[in-house]
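>>> here is a sequence with its predicted model. Questions after.
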Amino acid sequence: MSAICDAYYQIRRPHLARPDNLKFSLAPIKAALGNLHPSMISQKTIDAYASSRGRANATIMRELKCLRAALAWGRDNLNTPAPRFRMPVKDSKPRDRWLTKAEARRLVDACESPHIELFVQIALATGARSNAICELTWRQVDLESGRINFGEDVGKKRRAVVPINNQLRAALVQAANIRTTDYVIEYHKQQVKDVRGALTRAARKAGLGKLGKHALRHTAATWMVMDGRPYQEIARYLGATVAMIERVYGHHNPDWLKSASESLEF
(Lines give C-alpha, C1' and ligand atoms only; values in the text may rest on other atoms or scores of the structure.)
Protein backbone atom coordinates (compact mmCIF):
# COMPACT_ATOMS: atom_id res chain seq x y z
CA MET A 1 0.00 0.00 0.00
CA SER A 2 2.87 2.41 0.65
CA ALA A 3 3.87 2.50 -3.02
CA ILE A 4 0.27 3.07 -4.12
CA CYS A 5 -0.22 5.85 -1.55
CA ASP A 6 2.99 7.55 -2.65
CA ALA A 7 2.10 7.33 -6.33
CA TYR A 8 -1.42 8.59 -5.68
CA TYR A 9 -0.05 11.53 -3.69
CA GLN A 10 2.38 12.50 -6.45
CA ILE A 11 -0.41 12.44 -9.02
CA ARG A 12 -2.84 14.43 -6.89
CA ARG A 13 -0.37 16.95 -5.42
CA PRO A 14 -0.33 19.43 -8.36
CA HIS A 15 -4.12 19.63 -8.30
CA LEU A 16 -4.56 20.32 -4.59
CA ALA A 17 -4.61 23.71 -2.89
CA ARG A 18 -3.08 22.16 0.25
CA PRO A 19 -1.29 18.94 -0.73
CA ASP A 20 0.18 18.56 2.76
CA ASN A 21 -3.31 17.72 4.02
CA LEU A 22 -3.38 14.63 1.79
CA LYS A 23 0.19 13.77 2.78
CA PHE A 24 -0.64 13.93 6.49
CA SER A 25 -3.79 11.84 6.02
CA LEU A 26 -1.92 9.13 4.14
CA ALA A 27 0.97 8.98 6.63
CA PRO A 28 -0.85 6.92 9.32
CA ILE A 29 -2.36 4.71 6.60
CA LYS A 30 1.14 3.92 5.33
CA ALA A 31 2.42 3.34 8.86
CA ALA A 32 -0.34 0.86 9.73
CA LEU A 33 -1.17 -0.75 6.37
CA GLY A 34 1.80 0.09 4.19
CA ASN A 35 3.20 -3.44 4.11
CA LEU A 36 -0.11 -4.96 2.96
CA HIS A 37 -1.08 -5.75 -0.62
CA PRO A 38 -4.47 -4.20 -1.49
CA SER A 39 -5.97 -7.69 -1.74
CA MET A 40 -5.17 -8.19 1.96
CA ILE A 41 -7.29 -5.24 3.09
CA SER A 42 -10.62 -6.40 4.50
CA GLN A 43 -13.34 -4.94 6.67
CA LYS A 44 -11.63 -6.56 9.64
CA THR A 45 -8.42 -4.71 8.73
CA ILE A 46 -10.25 -1.39 8.52
CA ASP A 47 -12.09 -1.98 11.81
CA ALA A 48 -8.79 -2.76 13.53
CA TYR A 49 -7.20 0.38 12.10
CA ALA A 50 -10.01 2.56 13.41
CA SER A 51 -9.96 0.87 16.81
CA SER A 52 -6.22 1.37 17.27
CA ARG A 53 -5.97 4.86 15.76
CA GLY A 54 -7.08 6.71 18.87
CA ARG A 55 -8.20 9.83 17.04
CA ALA A 56 -11.50 11.68 16.53
CA ASN A 57 -14.03 10.04 14.24
CA ALA A 58 -13.69 12.86 11.73
CA THR A 59 -9.93 12.28 11.51
CA ILE A 60 -10.33 8.53 11.03
CA MET A 61 -12.96 9.04 8.36
CA ARG A 62 -10.77 11.53 6.50
CA GLU A 63 -7.84 9.11 6.49
CA LEU A 64 -9.96 6.18 5.33
CA LYS A 65 -11.50 8.27 2.56
CA CYS A 66 -7.97 8.97 1.35
CA LEU A 67 -7.22 5.24 1.51
CA ARG A 68 -10.35 4.52 -0.49
CA ALA A 69 -9.33 7.09 -3.11
CA ALA A 70 -5.80 5.66 -3.32
CA LEU A 71 -7.19 2.15 -3.78
CA ALA A 72 -9.50 3.35 -6.54
CA TRP A 73 -6.60 5.10 -8.27
CA GLY A 74 -4.51 1.93 -8.03
CA ARG A 75 -7.35 -0.10 -9.54
CA ASP A 76 -7.75 2.30 -12.47
CA ASN A 77 -4.04 2.87 -13.14
CA LEU A 78 -2.13 -0.12 -11.79
CA ASN A 79 -4.75 -2.84 -12.11
CA THR A 80 -4.53 -3.60 -8.38
CA PRO A 81 -7.55 -4.70 -6.31
CA ALA A 82 -9.70 -2.04 -4.67
CA PRO A 83 -11.59 -3.84 -1.90
CA ARG A 84 -14.71 -2.12 -0.65
CA PHE A 85 -15.24 -1.37 3.00
CA ARG A 86 -17.74 0.49 5.12
CA MET A 87 -16.68 3.27 7.45
CA PRO A 88 -16.18 1.76 10.92
CA VAL A 89 -17.02 5.04 12.70
CA LYS A 90 -19.72 7.65 12.41
CA ASP A 91 -18.90 11.20 11.46
CA SER A 92 -18.36 13.50 14.41
CA LYS A 93 -21.08 15.98 15.22
CA PRO A 94 -20.23 19.61 14.41
CA ARG A 95 -18.69 21.31 17.41
CA ASP A 96 -20.81 24.03 18.96
CA ARG A 97 -18.01 25.72 20.91
CA TRP A 98 -18.31 29.48 20.84
CA LEU A 99 -17.39 32.33 23.15
CA THR A 100 -19.56 34.88 24.84
CA LYS A 101 -18.45 38.47 24.38
CA ALA A 102 -17.17 38.54 27.95
CA GLU A 103 -15.09 35.41 27.23
CA ALA A 104 -13.80 36.98 24.04
CA ARG A 105 -12.56 40.00 25.96
CA ARG A 106 -10.85 37.69 28.45
CA LEU A 107 -9.17 35.86 25.59
CA VAL A 108 -7.84 39.08 24.07
CA ASP A 109 -6.55 40.20 27.45
CA ALA A 110 -4.81 36.85 27.93
CA CYS A 111 -2.86 36.98 24.66
CA GLU A 112 0.84 37.05 25.45
CA SER A 113 2.02 38.80 22.28
CA PRO A 114 0.60 41.43 19.91
CA HIS A 115 0.43 39.10 16.91
CA ILE A 116 -1.85 36.63 18.69
CA GLU A 117 -4.04 39.43 19.99
CA LEU A 118 -4.34 40.81 16.46
CA PHE A 119 -5.13 37.34 15.11
CA VAL A 120 -7.95 36.92 17.64
CA GLN A 121 -9.37 40.35 16.84
CA ILE A 122 -9.34 39.67 13.10
CA ALA A 123 -10.89 36.23 13.57
CA LEU A 124 -13.73 37.54 15.74
CA ALA A 125 -14.39 40.57 13.52
CA THR A 126 -14.34 38.73 10.20
CA GLY A 127 -15.09 35.07 10.92
CA ALA A 128 -12.25 34.15 8.56
CA ARG A 129 -10.49 30.81 8.75
CA SER A 130 -7.12 30.55 10.43
CA ASN A 131 -5.19 29.91 7.21
CA ALA A 132 -6.76 32.91 5.50
CA ILE A 133 -5.76 35.18 8.37
CA CYS A 134 -2.19 33.87 8.56
CA GLU A 135 -1.80 34.32 4.80
CA LEU A 136 -3.28 37.83 4.83
CA THR A 137 -0.97 40.56 3.52
CA TRP A 138 -1.22 44.30 3.97
CA ARG A 139 -1.98 44.66 0.26
CA GLN A 140 -5.29 42.93 0.99
CA VAL A 141 -6.16 45.37 3.78
CA ASP A 142 -7.65 48.65 2.57
CA LEU A 143 -7.87 50.89 5.59
CA GLU A 144 -9.07 53.82 3.48
CA SER A 145 -12.17 52.06 2.16
CA GLY A 146 -12.47 49.89 5.27
CA ARG A 147 -12.34 46.45 3.65
CA ILE A 148 -10.33 43.25 3.86
CA ASN A 149 -10.10 41.04 0.80
CA PHE A 150 -9.14 37.55 1.91
CA GLY A 151 -8.24 36.62 -1.67
CA GLU A 152 -9.05 33.78 -3.99
CA ASP A 153 -10.96 30.71 -2.86
CA VAL A 154 -8.78 27.77 -1.84
CA GLY A 155 -10.27 24.53 -3.11
CA LYS A 156 -13.78 24.32 -1.69
CA LYS A 157 -12.99 26.91 0.99
CA ARG A 158 -14.51 30.20 -0.06
CA ARG A 159 -12.94 33.49 0.99
CA ALA A 160 -14.82 36.73 1.36
CA VAL A 161 -14.38 40.49 1.13
CA VAL A 162 -15.53 41.94 4.44
CA PRO A 163 -15.82 45.40 6.00
CA ILE A 164 -13.55 46.48 8.84
CA ASN A 165 -15.48 47.46 11.95
CA ASN A 166 -14.28 50.28 14.20
CA GLN A 167 -12.76 48.01 16.83
CA LEU A 168 -10.72 46.06 14.30
CA ARG A 169 -9.72 49.22 12.44
CA ALA A 170 -8.01 50.60 15.54
CA ALA A 171 -6.04 47.36 15.97
CA LEU A 172 -5.04 47.26 12.31
CA VAL A 173 -3.89 50.88 12.26
CA GLN A 174 -1.70 50.25 15.27
CA ALA A 175 -0.24 47.10 13.71
CA ALA A 176 0.33 48.79 10.35
CA ASN A 177 2.43 51.49 11.99
CA ILE A 178 4.93 48.96 13.35
CA ARG A 179 4.87 46.29 10.64
CA THR A 180 8.14 44.82 9.43
CA THR A 181 6.87 42.34 6.80
CA ASP A 182 4.16 42.17 4.14
CA TYR A 183 2.12 39.85 6.37
CA VAL A 184 -0.44 41.15 8.82
CA ILE A 185 0.26 38.38 11.35
CA GLU A 186 4.01 38.48 11.94
CA TYR A 187 6.41 37.67 14.74
CA HIS A 188 10.12 38.51 14.90
CA LYS A 189 9.97 39.84 11.33
CA GLN A 190 8.57 36.54 10.00
CA GLN A 191 5.17 35.41 8.78
CA VAL A 192 3.29 33.36 11.37
CA LYS A 193 1.90 30.26 9.69
CA ASP A 194 0.30 28.53 12.67
CA VAL A 195 -1.12 30.10 15.84
CA ARG A 196 -2.55 27.01 17.50
CA GLY A 197 0.03 26.78 20.26
CA ALA A 198 -0.14 30.43 21.25
CA LEU A 199 -3.93 30.46 20.98
CA THR A 200 -4.17 27.38 23.22
CA ARG A 201 -1.98 29.05 25.85
CA ALA A 202 -4.07 32.23 25.75
CA ALA A 203 -7.32 30.25 26.05
CA ARG A 204 -6.06 28.31 29.06
CA LYS A 205 -4.77 31.48 30.69
CA ALA A 206 -8.22 33.01 30.20
CA GLY A 207 -9.85 29.97 31.80
CA LEU A 208 -11.53 28.89 28.59
CA GLY A 209 -10.06 25.42 28.27
CA LYS A 210 -8.99 24.18 24.87
CA LEU A 211 -10.18 26.07 21.78
CA GLY A 212 -10.33 24.34 18.41
CA LYS A 213 -9.00 26.10 15.35
CA HIS A 214 -12.52 26.99 14.18
CA ALA A 215 -13.87 28.20 17.54
CA LEU A 216 -13.39 31.88 16.72
CA ARG A 217 -15.11 31.46 13.34
CA HIS A 218 -17.96 29.64 15.10
CA THR A 219 -18.12 32.52 17.57
CA ALA A 220 -18.41 35.17 14.86
CA ALA A 221 -21.15 33.21 13.10
CA THR A 222 -23.03 32.61 16.34
CA TRP A 223 -22.93 36.28 17.33
CA MET A 224 -24.37 37.35 13.99
CA VAL A 225 -27.14 34.73 14.12
CA MET A 226 -28.00 35.64 17.72
CA ASP A 227 -28.21 39.27 16.62
CA GLY A 228 -30.85 38.30 14.07
CA ARG A 229 -28.81 39.03 10.95
CA PRO A 230 -30.24 37.45 7.76
CA TYR A 231 -28.69 34.08 6.90
CA GLN A 232 -27.81 35.28 3.39
CA GLU A 233 -25.87 38.22 4.81
CA ILE A 234 -24.00 35.99 7.27
CA ALA A 235 -23.20 33.46 4.53
CA ARG A 236 -21.69 36.16 2.31
CA TYR A 237 -19.72 37.54 5.24
CA LEU A 238 -18.22 34.14 6.07
CA GLY A 239 -17.83 32.84 2.53
CA ALA A 240 -20.27 30.05 3.33
CA THR A 241 -23.62 28.81 2.05
CA VAL A 242 -27.00 29.84 3.42
CA ALA A 243 -27.89 26.18 3.93
CA MET A 244 -24.80 25.61 6.09
CA ILE A 245 -25.49 28.70 8.22
CA GLU A 246 -29.07 27.62 8.88
CA ARG A 247 -28.11 23.98 9.55
CA VAL A 248 -25.19 24.65 11.90
CA TYR A 249 -26.13 27.94 13.55
CA GLY A 250 -29.87 28.34 13.03
CA HIS A 251 -30.76 27.19 16.55
CA HIS A 252 -29.00 30.29 17.91
CA ASN A 253 -31.49 32.55 16.14
CA PRO A 254 -33.76 34.26 18.71
CA ASP A 255 -36.75 33.53 16.46
CA TRP A 256 -35.74 29.91 15.72
CA LEU A 257 -38.97 28.02 14.91
CA LYS A 258 -40.95 30.57 16.94
CA SER A 259 -43.77 30.85 14.42
CA ALA A 260 -44.01 27.06 14.22
CA SER A 261 -44.32 26.80 18.00
CA GLU A 262 -47.09 29.41 17.96
CA SER A 263 -49.04 27.14 15.60
CA LEU A 264 -49.17 24.54 18.33
CA GLU A 265 -50.90 26.71 20.91
CA PHE A 266 -54.43 25.65 21.92
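It's in.

>>> how many neighbours does Gln10 have?
By the criterion of other C-beta atoms under 10 Å, Gln10 has 10 neighbours. In short, each C-beta sits where N, CA and C put it, glycine included.

>>> quick check: the gap between it and Gly209.
Using C-beta to C-beta, to the nearest Å, Gln10 is found at 40 Å from Gly209.

>>> likewise Lys258?
32 Å.

>>> backbone dihedrals for Asn149, please?
Main-chain torsions, Asn149, degrees, to the nearest 10: phi -110, psi 110.

>>> is it true that it touches Val161?
Yes. Here Asn149 reaches Val161: they are 4.7 Å apart, a contact under C-beta atoms under 8 Å.

>>> disregarding residues adjacent in the polypeptide, which is nearest to Lys205?
Sequence neighbours aside, Ala110 is the residue nearest to Lys205 in space, at 4.1 Å (criterion: C-beta to C-beta, 6 or more residues apart in numbering).

>>> got a pLDDT number for the residue nearest the centre of the chain?
Most central in the chain under C-alpha atoms, centre = their mean is His214, positioned 5.3 Å from the mean C-alpha point. Among the per-residue scores, His214 holds a pLDDT of 87.

>>> distance check, it against His115.
According to C-beta to C-beta, His214 stands 20 Å off from His115.

>>> please apply the same query to Ala176.
13 Å.

>>> more neighbours: those two, which one.
His115 (20 against 12).

>>> how about the more buried one, what does it touch?
The neighbourhood of His115, defined by C-beta atoms under 8 Å, 6 or more residues apart in numbering, consists of 185-187, 192, 195.

>>> among those, which two are most distant?
Farthest apart among the contacts of His115 by C-beta to C-beta are Glu186 and Val195. That separation is 11.6 Å.

>>> show me where the protein has its helices.
Using DSSP state H, the helices found in the chain span residues 2-12, 19-33, 43-53, 57-78, 101-110, 114-126, 130-134, 166-177, 196-205, 215-226, 231-238, 242-249, 258-262.

>>> re earlier: for Ala220, state which of the contacts of His115 is nearest.
Using C-beta to C-beta, Val195 is the member of the contacts of His115 that sits closest to Ala220, with 16.1 Å.
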